[in-house]
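>>> build me a model from this:
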Amino acid sequence: MAKLTNLGVGINTVGPVMECAAEMFGYTLNAIPSARTVGKSPFLSQYFIQEQLRRVIVDARTKGIATTSCSDETKKNGFVWQNYLLRIIDI
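Numbering: from 1, shown residues only. You can find the predicted model right below:
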């Protein structure tokens, strides 16, 4: 959802945009997030981050690429920033 808001999609329209995008790919969502949920949803952002990492790791594994993952958490200006990195291991 953070990417959608960064692209200029307003908090009130993130849910309908997600629904529209899902329909474009032939999916029907059970529910869409409300504006309140979008405004207070680090858990959903966390889900998308984890899903993206999962896809990258699975892709690397199927291609036989050796990897290791790293994470870091820092606090800046009252916000918690989580950084993830997937490194390719040279054998």
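
>>> who's in contact with G39?
If you count contacts by C-beta atoms under 8 Å, 6 or more residues apart in numbering, G39 has them with I11. Any C-beta I mention is one placed from the backbone N, CA and C, and that applies to glycine too.

>>> and for D72?
Residues in contact with D72 (C-beta under 8 Å, 6+ apart) are Q82, N83, L85.

>>> on the three-state scheme, it is what?
With DSSP: H, G, I helix; E, B strand; the rest coil as the basis, D72 sits in strand.

>>> same deal with R87?
strand.

>>> tell me, how many neighbours does it end up with?
R87 has 10 neighbours, counted by other C-beta atoms under 10 Å.

>>> that one contacts T68, doesn't it?
Yes. In this structure R87 lies within contact range of T68 using C-beta atoms under 8 Å: 5.3 Å.

>>> quick revisit: dump the contacts of D72 to TSV, plus neighbour count, distance to N12 and pLDDT.
What follows is these, written out as TSV (neighbours: other C-beta atoms under 10 Å; distance: C-beta to C-beta, whole Å; pLDDT from 0 to 100):
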residue	neighbour count	distance to N12	pLDDT
Q82	12	27	77
N83	9	30	79
L85	11	34	78
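
>>> need the residues you listed in CSV with distance to I49, can you?
Shown next, in CSV, are those (distance: C-beta to C-beta, whole Å):
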residue, distance to I49
Q82, 8
N83, 10
L85, 12
